[in-house]
Structure formats: structure tokens, C-alpha cells
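Engineer: Model the structure of this input:
(one chain, ligands or ions: 1)
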Amino acid sequence: MSIEQNEIIKTTDPIFTLSIASKLSETPAHSIRQYIDKGLILPFNTKTGRHLFSEVDIIRLKCIKAHLNGQGLNIAGIKALYSLIPCWAIKECSMKERKNCGAYKESSTPCWEASHKSFTCLNTDCRECEVYRIPESCKDLKSLLKVLIP
Ligand code: SF4
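Structural biologist: Model prediction:
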């Protein structure tokens, strides 16, 4: 099962610094750092240790803001929501892969934070992955399930 192609419309090119991302998303830089620490967002890391952000990241930051302000969630709640995304169904992982995958077995972290990953994900850049990009359009869990189970 795959996410419709037209769901993915923004570039993941890392082009914005933290301060620009902060302005574009109307999110304080210290909050962005906190979201990074909590695994809600995966910035691109340069060789010098700077974070860079893409258009997709800006949308994710705006979604996080909407979840916090409009839907009454806190950071832990958003993380729990992301942890429920059934990546194994989206990536069509076999039962054998699921048994060896932290993302399948662990329930408290999003798959991109899993302790170990299945063969399907080992060589995939999570920033480019359709699973990581699902929350970019502010979908709630029911909207997500409608995509997965039409
Ligand atoms: S590539 Fe990364 S984001 Fe995609 S399903 Fe695997 S762990 Fe999750």
C-alpha cells in the first residue's frame, strides 16, 4: 500500500537555516531545537554540525504548531501520534522483516527513531521517506487511516 503521489508536493532540499526556519514557521528557535531533541523533526545536519531545514520541514513545524495550539496536544501527544503510524504497512514489510524491526516492536517512538531498522529501511534516508512525510499535511490519525484503509 502506498501513499498517493500527489500527497508529496514539497521539496526536501535542506535550504533554510534555523533562524530562517524559525521565521517561516513562526516557531521560536528554542522550540525547534526541542522538537529535534524529541524526534518530531529530522533536520539535515551539515558536516559542521549545523541544522538545515527544507520546505517539508517548514510545513511539519507549522503542523506541530497547529497540533499544540489548535488541537490541544502536547509534545508527548504528538510523538505518540507519530509513533502509531504503521510504517510496516506503508512500506509493505514482510513478517520476517517486522520481527527484526524496532519500528514494528517499539510503541513509544516514531519509526525514524527506532533502535534498529529492518532491511527495507536500512539504506533509506528517513527525511525522504513517505512515512516520515505523512505528518507534513497535518493529518490526524483518522485521516491517516483513511489513506491507509480507503
Ligand atoms: S525509512 Fe525511516 S521514516 Fe521510513 S519507514 Fe523506515 S524508519 Fe520510518
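
Engineer: interface residues of this protein facing the ligand?
Structural biologist: On the criterion Cβ under 6 Å from any ligand atom, the ligand has as its neighbours in the chain the residues 87, 91, 103, 111-112, 114, 117, 121, 124, 126, 129, 131-132. Every residue, glycine included, has its C-beta placed from N, CA and C.

Engineer: rerun at 8 Å
Structural biologist: 87-88, 90-91, 103, 110-112, 114, 117-118, 120-121, 124-126, 129-132 (Cβ under 8 Å from any ligand atom).

Engineer: What subset of those residues is buried?
Structural biologist: The neighbour-count test (16 or more other Cβ atoms under 10 Å) marks 87-88, 90-91, 103, 110-112, 114, 117-118, 120-121, 126, 129-132 as buried among the residues of the chain next to the ligand.

Engineer: Please narrow these to those residing in helices.
Structural biologist: The subset of these located in helices under the criterion DSSP state H comprises 87-88, 90, 103, 120-121, 130-132.

Engineer: can those residues go into TSV with extra columns for distance to T46?
Structural biologist: Formatted as TSV, the entries for these read as follows, by distance: Cβ to Cβ, whole Å:
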residue	distance to T46
C87	27
W88	32
I90	29
A103	26
T120	27
C121	23
E130	25
V131	24
Y132	19
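
Engineer: List just the nearest of the residues you listed to L42.
Structural biologist: Of all these, the one with the least separation from L42 (Cβ to Cβ) is Y132, at 6.8 Å.

Engineer: contacting residues around the residue nearest to the closest one when sequence neighbours are not counted?
Structural biologist: Setting aside the residues directly before and after it, Y132 is nearest to C126 in space (Cβ to Cβ, 6 or more residues apart in numbering), at 4.8 Å. C126 sits next to 42, 111-112, 132 when contact means Cβ atoms under 8 Å, 6 or more residues apart in numbering.

Engineer: possible to save those as JSON lines with pLDDT?
Structural biologist: Shown next, in JSON lines, are the contacts of C126 (pLDDT from 0 to 100):
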{"residue": "L42", "pLDDT": "95"}
{"residue": "C111", "pLDDT": "93"}
{"residue": "W112", "pLDDT": "93"}
{"residue": "Y132", "pLDDT": "88"}
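
Engineer: Select, from those, the two members most distant in space.
Structural biologist: By the measure Cβ to Cβ, these have their two most distant members at L42 and C111, which lie 11.4 Å apart.
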